[in-house]
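1. Curious how this folds, go ahead:
(chains A and B)
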Amino acid sequence: GQQVMQIPQYQHVQEGEDFTTYCNSSTTLSNIQWYKQRPGGHPVFLIQLVKSGEVKKQKRLTFQFGEAKKNSSLHITATQTTDVGTYFCANQGGKLIFGQGTELSVKP
Amino acid sequence: DVKVTQSSRYLVKRTGEKVFLECVQDMDHENMFWYRQDPGLGLRLIYFSYDVKMKEKGDIPEGYSVSREKKERFSLILESASTNQTSMYLCASRLLGGYGYTFGSGTRLTVV
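-> I've put the predicted structure just below:
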């Protein structure tokens, strides 16, 4: 089946620094969804990207879908301690296939 | 808000036991899914169901089966539990044609 690769696996930042996680595939992605999982919690849906080159923003979070629909990114501006957790991308093509996730820790 | 409820938060079972993990959603969603989550591997799809009585294999169905007799309930069955099935199991549901999946809180299963 289609594989979705996500990097980095871990990211440690100082509060106030920016953070980016990348999602890549060797084949064209259908729709990309992003989820956040807080420590000890379950994944929570953030957003879906559908169109090539699409950019969506949610406050300090910016989501981007590549022009060729083979990659996506999530960028957080000026991280806060509340951003701590694991961020997953997932390809929604009939069934939802997840990347391995990026675990973000934020040092106050 | 949609609620997806998993019957147990923590479960300890012995090798060879038959294990039932239950999941119930309260928003009339057609689609339901079972994932397992392991460190470094993300979430892997075990089985899913698009509607009552329907089931489809995911990416790692071996050693598992499912049952969907009612729309709101999707059960995951481990026919003969093994230690490599120790994991966090997450159930999710989605409205047909909808966007995001709603996840339950998960069942952490330990097989000893």
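2. And for the residue of chain A found nearest chain B, nearest residue in space, chain neighbours not counted?
-> Nearest residue of chain A to chain B, counting by Cβ to the nearest Cβ: residue A:45, 2.9 Å away. To be clear about C-beta, it is placed using only N, CA and C from the backbone, and glycine gets the same treatment. With sequence-adjacent residues excluded and distances taken as Cβ to Cβ, 6 or more residues apart in numbering or on different chains, residue A:45 is closest to residue B:100, at 2.9 Å.
3. Looking at chain A, which strand is longest?
-> Longest strand of chain A, by residue count under DSSP state E: strand A:85-93.
4. Which SSE is immediately downstream of that strand?
-> Counting by DSSP states H and E, the element after strand A:85-93 in chain order, helix or strand, is strand A:95-98.
5. List of residues touching that following strand?
-> For strand A:95-98, the surrounding residues in contact (Cβ atoms under 8 Å, 6 or more residues apart in numbering or on different chains) are A:1-4, A:33, A:35, A:88-91, B:33, B:35, B:42-45, B:48, B:56, B:58-59, B:92, B:101.
6. what residues are up against the residue nearest to residue B:56 when sequence neighbours are not counted?
-> Once flanking residues are discounted, residue B:56 sits nearest to residue B:48: 5.4 Å by Cβ to Cβ, 6+ apart. Contact analysis of residue B:48 by Cβ under 8 Å, 6+ apart lists A:95, B:31-34, B:55-56, B:58.
7. Sort out for me which of those are in strands.
-> Those of the contacts of residue B:48 mapping onto strands are A:95, B:31-34, B:56, per DSSP E.
8. Most neighbours of all those, which one?
-> Using other Cβ atoms under 10 Å in any protein chain shown as the neighbour test, the ones in strands among the contacts of residue B:48 are led by residue B:32, with 29 neighbours.
9. how deep is residue B:82 tucked in, by neighbour count?
-> 13.
10. and it, what is it in contact with?
-> So residue B:82 contacts B:15, B:63, B:111 (Cβ under 8 Å, 6+ apart).
11. Show me what the mean pLDDT comes to for stretch B:105-112.
-> The predicted model gives stretch B:105-112 an average pLDDT of 97.
12. Can you give me the buried ones in that stretch?
-> B:106-107, B:109, B:111 (16 or more other Cβ atoms under 10 Å in any protein chain shown).
13. What about chain A: which of the residues you listed touch it?
-> When contact is defined as Cβ under 8 Å from any Cβ of the partner chain, those meet chain A at residue B:106.
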